[in-house]
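Q: I need the structure of the sequence given here:
(one chain, ligands or ions: 2)
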Amino acid sequence: MKLVSAVIKPFKLDDVRAALSEVGVQGVTVSEVKGFGRQKGHTELYRGAEYVVDFLPKVKLEIAVSDDQLDSVIDAVTRAAATGKIGDGKIFVTPLEQVIRIRTGETGEEAI
Ligand SMILES: Nc1ncnc2c1ncn2[C@@H]1O[C@H](COP(=O)(O)OP(=O)(O)OP(=O)(O)O)[C@@H](O)[C@H]1O
Ligand SMILES: [Mg+2]
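A: Ligands and ions are numbered 1, 2, ... in the order given. Predicted coordinates for the structure are as follows:
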């Protein structure tokens, strides 16, 4: 299993959620975050205004996936989040040791 963490532009959240549903993702955690990439936030546009602050608002999605789902989830996020402009975001993939569904006690891929 893998944990996919994707940092995207906030206005792309609905598109990304729809794309994830299409590839069978059943659960996502979403957080409002701030960050910067290699332009350090300065030259990026957000809602039409040029931001002169260090950290830009972003949305982070966390998605636990089976190894079989990984490529399709990365593809879905990449396609749905892209505008082609700087600041489109980044996807981080890390190994995921365990998942437990609290209600039933199911574990591993059964619990995803
Ligand atoms: N190396 C990193 N580690 C952790 N978070 C990062 C890293 N790079 C980017 N991020 C997060 O992703 C967000 C979007 O990054 P961004 O898309 O601007 O990356 P970039 O490398 O500058 O690429 P681009 O040139 O396309 O803008 C940042 O605001 C930050 O929250
Ligand atoms: Mg950037």
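Q: isn't there a strand covering residue 72?
A: No - counting by DSSP: H, G, I helix; E, B strand; the rest coil, residue 72 falls outside a strand, being helix.
Q: And for the residue in the chain that ligand 2 sits nearest to, the neighbour number?
A: As assessed by CB to the ion, ligand 2 sits closest to residue 37 within the chain, at 2.9 Å. In short, each C-beta sits where N, CA and C put it, glycine included. Counted with other CB atoms under 10 Å, the burial measure for residue 37 works out to 15 neighbours.
Q: Helix, strand or coil: sort out it for me.
A: The three-state label given to residue 37 by three-state DSSP is coil.
Q: So for it, what pLDDT did the model give?
A: Note for residue 37: predicted pLDDT of 90.
Q: Repeat that for residue 62.
A: If you check residue 62, the pLDDT there is 98.
Q: tell me the contacts of it?
A: The neighbourhood of residue 62, defined by CB atoms under 8 Å, 6 or more residues apart in numbering, consists of 3-5, 28-31.
Q: From those residues, keep the buried residues only.
A: Members of the contacts of residue 62 that pass the buried threshold by neighbour count (16 or more other CB atoms under 10 Å) are listed as 4-5, 28.
Q: and residue 90, what does it touch?
A: Contacts of residue 90 were listed using CB under 8 Å, 6+ apart, and they are 6-7, 37.
Q: Now residue 12. Nearest residue, chain neighbours left out?
A: Closest residue to residue 12 in three dimensions, ignoring its sequence neighbours and counting by CB to CB, 6 or more residues apart in numbering: residue 81, at 4.8 Å.
Q: Can you give me the distance of that neighbour to residue 100?
A: The spacing between residue 81 and residue 100, counted by CB to CB, to the nearest Å, is 29 Å.
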